[in-house]
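> Have a look at this prediction, sequence included:
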Amino acid sequence: MCPYYVQLSFLAGYVALFANVQIATRLLSSCPALFWFLATQLLRMRKDGSTAHDPKLAINLIHRAMVGYCLVYCGVGSVLFCNFLPWT
């Protein structure tokens, strides 16, 4: 796992200094460390339910928002990419 975090650190530093937003989005979204972070957050939210007044409702909304964002990003990106349009 450590090489992926080294890769993420290198890419983040490189794109912060030498790349524009489109290149940064494409490079950083391909790094598995970001998806592992999302997965650990989703698993952690399911284990402890003491974050809000109604813990199940708060966990459910955050979980749906994170999964929904990933699905919309993937779907819109696929449609725009196959039509030769910029999607980042």
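Yes, it's here.
> I'd guessed residue 28 sits against residue 11; true?
Yes: counting by CB atoms under 8 Å, residue 28 does reach residue 11; the two are 6.0 Å apart. Yep, even glycine has a C-beta here, placed from its N, CA and C like the rest.
> who has more neighbours, those two?
The residue with more neighbours, out of residue 28 and residue 11, is residue 11; 18 against 15, by other CB atoms under 10 Å.
> can you tell me the helix or strand for that one?
helix 2-18 (DSSP states H and E).
> And residue 80, by the same measure?
Short version, using DSSP H and E: residue 80 is in helix 55-82.
> That helix - what's its average pLDDT?
Helix 55-82 comes out with an average pLDDT of 82.
> Same question for stretch 22-30.
83.
> Going by neighbour count, list what's buried in it.
24, 25, 27 (16 or more other CB atoms under 10 Å).
> which ones among these are found in helices?
Among these, the ones falling in helices (DSSP state H) are 24, 25, 27.
> hmm, back to that, relative to the whole chain's centre, how far out is the helix holding residue 80?
9 Å (CA atoms, centre = their mean, to the nearest Å).
> counting contacts, what elements does that helix pack onto?
Using 3 or more CB pairs under 8 Å, 6 or more residues apart in numbering; DSSP states H and E, the elements in contact with helix 55-82 are helix 32-47.
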